[in-house]
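> got a sequence here, can you build the structure:
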Amino acid sequence: QVQLVESGGGLVQAGGSLRLSCAASGRIFSINVMGWYRQAPGKQRELVARITDGGMTNYADSVKGRFTISRDNAKNTVYLRMNSLRPEDTAVYYCAAFYEYMSGIRSSNYWGQGTQVTVSS
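This is a model prediction of the structure:
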């Protein structure tokens, strides 16, 4: 099992910034990709950003240029720097981790408990 513990959510005004952190522990060798998803009320959970252990990143179009994902492999921690926040970024943000093979097949996600991000207009 892998445990993911998130921190850093909160309330911020539009245009502001927040940084989320997610520390992984447990069977770290069973994951190589970490990322952030979010779920707004009444909406499906969506991928925000992901990063491999080699540093390759992917972002949702809605956050490109505003959010930056990074990771510290020595600390088994992934970060999400969120700038120029908008009210539509309001959601519960979940840290996720999984193993992705070169074939593209991936294991089931491990999930964090979620952290609320609220952006006021």
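
> Leu4 reaches Arg27, doesn't it?
No. Contact criterion Cβ atoms under 8 Å: Leu4 and Arg27 do not qualify, at 11.9 Å. Bear in mind the C-beta positions are built from the backbone N, C-alpha and C, glycine included.

> who's more crowded, the two?
Leu4 (23 against 11; other Cβ atoms under 10 Å).

> which ones are touching the closest residue to the more buried one other than its chain neighbours?
Nearest residue to Leu4, sequence neighbours excluded (Cβ to Cβ, 6 or more residues apart in numbering): Gly112, at 3.8 Å. Contacts for Gly112 (Cβ atoms under 8 Å, 6 or more residues apart in numbering) come out as Leu4, Val5, Glu6, Cys22, Tyr94, Cys95, Ala96.

> got the contact list for the residue most central in space within the chain?
Closest to where the C-alpha atoms of the chain average out (Cα atoms, centre = their mean) is Trp36, at 1.8 Å. Listed by Cβ under 8 Å, 6+ apart, the contact partners of Trp36 are 20, 22, 47-50, 69, 78, 80, 93-96.

> 10 Å instead?
6, 20, 22, 47-51, 59-60, 63, 67, 69, 78-80, 82, 93-96, 112, 115 (Cβ atoms under 10 Å, 6 or more residues apart in numbering).

> how distant is the strand or helix carrying it from the center of its chain?
In this assignment (DSSP states H and E), Trp36 forms part of strand 33-39. Centre-to-centre, strand 33-39 and its host chain are 4 Å apart (Cα atoms, centre = their mean, to the nearest Å).

> likewise stretch 26-45?
6 Å.
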